[in-house]
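Asker: any chance you can model this:
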Amino acid sequence: MSGPLSAAPLRRSDALTAGGMFLSVLAVYLLTGPGRIDMIDGQFRYEVTRSILDGAGFRLRDPALPRVSVGTDGHRYAFYGPGASLTALPLVALARLFGGDLNTQMFFFSLTSAFSVSAAVSAFYLFRRRLGGTPGGSALSAAILAFATPFRPLATTVFDQGQQGALLFIGIFLAWEATVRESSRWAVVAGLVAGSVVLFQEGLCLLLPFAGLVLFEGTWLGSVGSRKLSELLRAPELRSRYVPFALGAAVPFALWLLYNYARFGNPIDSGKSGIAGHPPLWGNPLSGLLGLLFSPGKSIFLFFPTAALGVLALYAWRRERPMLSAALGSVTLVQLAFSSCLTFWSSDWAWGPRYLMLLAPMLTLPLGMNDWASGLRRRVTVLVASFGLVVQLLGISVEHHRFFFERRLSAFFWYWRPEILWHESQWLARPAEALSVFTEALPESPVAFRPGPYAATLPTYCIFGGHPPTSNVWMRRFAVFYLPRPWPFWVPALPDALRPVDPLRASAMCLAIGCAGLLLLGLGWRGRRPE
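Answerer: Here you go, the predicted structure:
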């Protein structure tokens with residue numbers, strides 16, 4: 001062992017800045033959120049949240065939801081993990097506390113990821129400071145993460161990859177703290193936080209052993225390189241930090257097993273095997289890899305422009321922070337490999353390759369932390385980040401389903417017609433779509449705000465209800481496809497009785513949160529001392 005790992009100290013000004021960043025970013029996310037359940041996956045998760053609050057366990061009581069599994073007790077259950085349903089409990093409970101109806105509760109549910117991603121942005125700033133970043137540079141990098149990477153659209157959807165990415169990244173940050181402090185307790189907490197991703201998606205457990213590599217930073221393993229396996233097994237860091245990290249991660253994994261057993265009587269049965277009519281899980285990994293890297297429809301470099309710079313910066317960082325670079329790089333590669341093996345590697349229906357979007361903080365952390373960001377390279381980083389900002393603004397501007405319905409795609413088109421992603425692209429179609437929703441009138445008098453069950457009474461319910469061969473014509477009957485996506489634009493278009501919130505009061509509350517954040521940012525900036 002080479003001695004304690006040095007780290008830049010945190011100051012009171014950093015705490016104020018991190019708090020201000022959380023509130024400021026949160027306010028922006030809340031104001032530009034969907035305000036409704038924008039995908040059927042989220043409707044399943046909301047129904048579990050509602051059942052928990054009603055004392056009905058994890059049951060699905062909505063008869064309109066398809067493709068469910070039947071438990072040993074005869075009740076219907078979702079095949080999703082409980083993570084997103086549990087994190088939404090405080091928000092939905094708050095909506096109930098103030099007398100909100102189902103519309104209001106679903107409105108609040110749709111904002112859950114905004115809180116998780118904002119917390120990750122705040123942790124990102126603190127992590128950068130601990131790594132020696134300047135206050136200004138760390139704040140700028142955090143702003144890039146918050147607004148110019150896929151964390152931006154993930155914060156404004158009921159898809160839970162934003163929550164997964166936040167937990168994984170915060171867990172890595174806490175593991176770094178465990179290394180700096182040489183603390184087994186911090187390692188346990190880090191494992192507990194990072195391991196919680198299995199409550200959202202069990203496949204993410206594959207990332208945890210690699211995320212824990214950061215615990216070896218500053219040791220002979222990081223400074224010298226690989227040794228014999230027998231030497232690694234005798235390393236004191238393995239027992240004092242890595243094993244506690246693994247024990248912490250085992251707690252949520254055990255809860256996932258218990259969750260499955262309580263529903264289906266089998267700890268490893270999550271309910272996915274009982275879904276009839278769903279395409280196979282595993283596909284051609286080469287096809288998935290090429291699609292995720294190069295296809296016009298789902299290339300990570302189109303939807304996450306700064307990713308390439310992040311990979312280069314991570315490679316340049318490998319000598320300065322070898323084990324942290326190894327942890328971030330291996331997590332990225334494993335997630336890419338795993339996603340490539342899935343038949344649904346495109347992760348539709350969604351904006352971009354969302355299974356890879358949770359890597360946003362990992363591939364943004366090294367930017368500007370070494371000479372990669374000097375001179376001409378710094379200007380390139382600013383240019384690419386500015387382009388990324390535009391891409392993410394496009395990502396939150398229009399209802400995602402519009403692209404797929406206009407092309408008359410079936411529910412599982414990604415299995416039956418995967419070639420479509422090589423000659424059709426959301427990324428290319430979105431500018432025209434965004435321009436139309438802000439400049440053109442509705443195509444005709446709509447029959448309802450959205451398609452699907454309960455359309456007359458629950459505008460915040462998810463969109464589904466069939467994929468007719470003429471869906472490009474059928475969709476013109478629903479206003480949701482032709483109004484801007486953020487809730488301040490479409491909520492005022494509803495009759496007063498159907499509005500989930502008062503748009504003026506809700507906007508004022510978001511602005512108040514933002515003002516509080518700006519105040520804390522100002523106090524943090526004034527309180528900083530020259531370094």
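Asker: CA only for contacts and neighbour counts going forward, please
Answerer: OK.
Asker: got a list of what Val28 touches?
Answerer: Counting by CA atoms under 8 Å, 6 or more residues apart in numbering, Val28 touches 510, 514.
Asker: give me the distance between it and Ala146.
Answerer: 10 Å (CA to CA, to the nearest Å).
Asker: now Ser386
Answerer: Where Ala146 is concerned, Ser386 sits at a distance of 12 Å (CA to CA).
Asker: neighbour count winner among these two?
Answerer: More crowded of Ser386 and Ala146, by other CA atoms under 10 Å: Ala146, with 29 against 16.
Asker: just the strands in this protein please.
Answerer: Using DSSP state E, the strands of the chain run over 69-70, 76-77.
Asker: nearest spatial neighbour of Phe124, skipping sequence neighbours?
Answerer: Ala142 (6.3 Å; CA to CA, 6 or more residues apart in numbering).
Asker: my guess is the one you found contacts Leu126. True?
Answerer: No. Using CA atoms under 8 Å as the test, Ala142 is too far from Leu126 to be in contact (9.5 Å).
Asker: can you put the strands of the chain in CSV and add mean neighbour count?
Answerer: Shown next, in CSV, are these (neighbours: other CA atoms under 10 Å):
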stretch, mean neighbour count
strand 69-70, 20
strand 76-77, 21
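Asker: tell me which of these sits nearest to Arg408.
Answerer: Among those, the nearest to Arg408 by CA to CA is strand 69-70 (28.5 Å).
Asker: okay, now the sheet partners of that closest one, with direction.
Answerer: strand 76-77 (antiparallel) (DSSP bridges).
Asker: chain center to the strand it pairs with: distance?
Answerer: Offset of strand 76-77 from its chain centre (CA atoms, centre = their mean, to the nearest Å): 25 Å.
Asker: list the contacts of the residue lying closest to Ser346 once chain neighbours are set aside.
Answerer: Setting aside the residues directly before and after it, Ser346 is nearest to Pro353 in space (CA to CA, 6+ apart), at 5.6 Å. Under the criterion of CA under 8 Å, 6+ apart, the neighbours of Pro353 are 292, 298-300, 303, 345-347.
Asker: what about the longest helix in this structure?
Answerer: helix 503-527 (DSSP state H).
Asker: which of the strands of the chain has the lowest average pLDDT?
Answerer: Note on the strands of the chain: lowest mean pLDDT is at strand 69-70, with a mean of 88.
Asker: and that one, how far out from the chain middle?
Answerer: 27 Å.
Asker: for stretch 63-82, same thing?
Answerer: On CA atoms, centre = their mean, the centre of stretch 63-82 falls 24 Å from that of its chain.
Asker: quick one: residues in contact with that stretch.
Answerer: Contacts of stretch 63-82 with the rest of the structure, by CA under 8 Å, 6+ apart, involve 44-45, 48, 58-61, 198-202, 256, 259, 263-265, 270-272, 274-276, 453.
Asker: that one: which residues count as buried?
Answerer: Within stretch 63-82, the residues scored as buried using 16 or more other CA atoms under 10 Å are 65, 68-71, 76-82.
Asker: now do it: distance from first to last residue.
Answerer: Stretch 63-82 end-to-end distance (CA to CA) = 20 Å.
Asker: where does this protein have low pLDDT?
Answerer: The model of the chain has pLDDT under 70 over residues 1-5, 219-235, 274-277, 370-376, 527-531.
Asker: quick check: domain ranges of it?
Answerer: The chain resolves into domains spanning 40-109, 160-273+283-395, 401-484 when parsed by automatic domain parsing.
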